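Trainee: next comes the sequence, and after it the predicted model I'd like to discuss.
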Amino acid sequence: MRAEIVMIGTELLLGQIVDSNSALLGRTLAAHGVNLYQKSTVGDNQARIEETLARALERADAVLTSGGLGPTEDDVTREAVAHLLDRPLELDPALLQGLEERFARMKRPLGENNKKQAMLPRGARPIPNPNGTAPGLLVDDERGVIICMPGVPHELEAMLNAEVIPWLRERFGVTGVLWSRVLKVSGVGESRIDERIGDLMRDGANPTVGVLASPDAVRIRISAKADNQAEAEVLVQPVEQELRARLEGLVLGADEDTLESVVDALLQERGWSVAVAETATGGLLAQRLAQANARSFAGGWNLPRHASAQSSSAEDAAALAEAVRHAFGAECGLALSPVDDRGVTAGAFVSPEGRHAWESGMPPSEALYAVRTAVIALEQVRRWLTGKRVNPGKRALRPPP
């Protein structure tokens, strides 16, 4: 089967909220073997919603929507579906009773505007919403299937997993799953990775390989279609082994692993704690470790740029790392200090087994300066702790002279 999703809401078009629902829909549909080929976003305008749905029905067997099912005047999704399919809106007594009972439990009066949430296109099936007042709706029409869900993320997610996915798989005889393993590589650019694994990406076989860059890491996705997850994992395994061999020392982890969690685990294996000192990165290193609940994190200093001498060097960063580890009674110290105003930053990691220093370069005016500088620091520590002294080149990491 072919599916499309239509995201409804003027706030999405204006960028006032982040569209997390389409990402959730894409992941969930793919994981359950439903082929998703296109996504559209449209504002709260009935005519434009109808036009978007009509075009989607020309291409897809099922169209899934999110948003526009609330009680306000600009919530017009149900009206658009009713008009498009020539199925007049009708009051569903059971839905109205459910709304009355829900509002009674909340000790709130049921307003007239809320009653429109009990209206359905003729012949439509309501989809229960245990987490909100807006039920979803499902219309199985000769033109195709339209499934409408609320825009509130936790309401949509519960409805999707409990009702929509099982119905779609049964209705269209969908079998199999799409399962993915995501490898993460930090400190190396997307183009450098492509040089090593590009042939696997061009292969297009099952499993498929794709790459997605982000400030934290390059994500390499291996996706396999199979009858079940166990069979998909078997298909993915040899491809994963090949990728790890080609990127030896560069893969920091997989799936939910983060640089912070990996570094924390490596430090805990040695029984070490770490304190950090940062100049000009706004305390981002400490923040990342703290938010990851890193048990090895002992504390840190967040210093302004003017606290660092203009002639700062890798040796100065090492001295700062020594000072902060003694101040917090930690086995290790990690420090970042700007070398000059052009964006060169010196970093140092000191531990009971020695010290490691490096320099990285990025203009301090760049919006991602702090993020990338912190990521490089954590990646340098990871490589030092694993003994993988891989030098990906001056563009990514620049070792000191």
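Mentor: Cool, got the structure. Residues are numbered from 1 along each chain as shown.
Trainee: in the stretch 51-200 of the chain, which spans are strands?
Mentor: According to DSSP state E, counting those that start in this stretch, the stretch 51-200 of the chain carries its strands in the segments 62-66, 89-91, 119-121, 125-127, 136-141, 144-149, 177-185.
Trainee: now these in JSON lines, with distance to residue 254 and mean pLDDT?
Mentor: The C-beta positions use only the backbone N, C-alpha and C, and glycine is treated the same way. Output for those, formatted as JSON lines (distance: least, C-beta to C-beta, whole Å; pLDDT from 0 to 100):
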{"stretch": "strand 62-66", "distance to residue 254": "29", "mean pLDDT": "97"}
{"stretch": "strand 89-91", "distance to residue 254": "49", "mean pLDDT": "93"}
{"stretch": "strand 119-121", "distance to residue 254": "44", "mean pLDDT": "94"}
{"stretch": "strand 125-127", "distance to residue 254": "35", "mean pLDDT": "95"}
{"stretch": "strand 136-141", "distance to residue 254": "34", "mean pLDDT": "96"}
{"stretch": "strand 144-149", "distance to residue 254": "31", "mean pLDDT": "97"}
{"stretch": "strand 177-185", "distance to residue 254": "5", "mean pLDDT": "91"}
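Trainee: winner for burial among these?
Mentor: Highest mean neighbour count of the strands of the stretch 51-200 of the chain: strand 62-66, a mean of 28 (counted as mean count of other C-beta atoms under 10 Å).
Trainee: distance between it and the chain's centre?
Mentor: Counting by C-alpha atoms, centre = their mean, to the nearest Å, strand 62-66 is centred 21 Å from the centre of its parent chain.
Trainee: partners of it in the sheet?
Mentor: Paired strands of strand 62-66, with direction, are strand 2-8 (parallel), strand 144-149 (parallel) (DSSP bridges).
Trainee: ignoring the adjacent residues along the chain, who's closest to residue 61?
Mentor: If you skip the residues right next to it in sequence, residue 61 has residue 1 as its closest partner in space, 4.5 Å away by C-beta to C-beta, 6 or more residues apart in numbering.
Trainee: residue ranges with poor pLDDT in the stretch 301-401 of the chain?
Mentor: Judged against pLDDT under 70, the low-scoring parts of the stretch 301-401 of the chain cover residues 306-312, 341-343, 362-367, 389-401.
Trainee: where along it do the strands fall?
Mentor: If DSSP E, counting those that start in this stretch is used as the criterion, the strands of the stretch 301-401 of the chain fall at 332-338, 344-351, 354-361.
Trainee: from those strands, which stretch is densest packed?
Mentor: Highest mean neighbour count among the strands of the stretch 301-401 of the chain (mean count of other C-beta under 10 Å): strand 332-338, with a mean of 27.
Trainee: which outside residues touch that strand?
Mentor: Applying C-beta atoms under 8 Å, 6 or more residues apart in numbering, the contact partners of strand 332-338 are 267, 272-281, 285, 305, 308, 312, 316-318, 320-326, 344-352, 364, 373-374, 377, 381.
Trainee: which members of the residues you listed are classed as buried?
Mentor: Buried residues within those, counting neighbours by 16 or more other C-beta atoms under 10 Å: 267, 272-281, 285, 308, 312, 316-318, 320-325, 344-351, 364, 373-374, 377, 381.
Trainee: quick revisit: using JSON lines, please lay out the strands of the stretch 301-401 of the chain together with distance to residue 245.
Mentor: Listed next are those as JSON lines, based on distance: least, C-beta to C-beta, whole Å:
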{"stretch": "strand 332-338", "distance to residue 245": "30"}
{"stretch": "strand 344-351", "distance to residue 245": "27"}
{"stretch": "strand 354-361", "distance to residue 245": "26"}
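Trainee: I'd like to know which of those lies nearest to residue 27.
Mentor: The closest of the strands of the stretch 301-401 of the chain to residue 27 is strand 354-361. By C-beta to C-beta, the value is 33.2 Å.
Trainee: elements contacting the closest one?
Mentor: With contacts defined as 3 or more C-beta pairs under 8 Å, 6 or more residues apart in numbering; DSSP states H and E, strand 354-361 has these neighbours: helix 314-328, strand 344-351, helix 369-386.
Trainee: redo these as CSV? Include distance to residue 31.
Mentor: Shown next, in CSV, are these (distance: least, C-beta to C-beta, whole Å):
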stretch, distance to residue 31
helix 314-328, 43
strand 344-351, 39
helix 369-386, 29
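Trainee: closest one to residue 225 among the ones you listed?
Mentor: The minimum distance between residue 225 and those falls on helix 369-386, with 32.9 Å, by C-beta to C-beta.
Trainee: tell me the angle of the closest one relative to strand 354-361?
Mentor: Relative orientation of helix 369-386 versus strand 354-361 (axes from the mean of the first three to the mean of the last three C-alpha atoms, to 10 degrees): 150 degrees.
Trainee: just the angle for helix 369-386 relative to strand 177-185, thanks.
Mentor: Note on geometry: by the same axes, to 10 degrees, helix 369-386 and strand 177-185 are set 90 degrees apart in direction.
Trainee: got the angle for helix 369-386 vs strand 344-351?
Mentor: In terms of direction (the same axes, to 10 degrees), helix 369-386 departs from strand 344-351 by 30 degrees.
Trainee: so residue 10 sits right up against residue 41, yeah?
Mentor: No: counting by C-beta atoms under 8 Å, residue 41 is not a contact partner of residue 10; they are 9.9 Å apart.
Trainee: re the thing from before, so can I have CSV of the strands of the stretch 51-200 of the chain showing distance to residue 217?
Mentor: Shown next, in CSV, are the strands of the stretch 51-200 of the chain (distance: least, C-beta to C-beta, whole Å):
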stretch, distance to residue 217
strand 62-66, 29
strand 89-91, 49
strand 119-121, 46
strand 125-127, 37
strand 136-141, 36
strand 144-149, 32
strand 177-185, 4
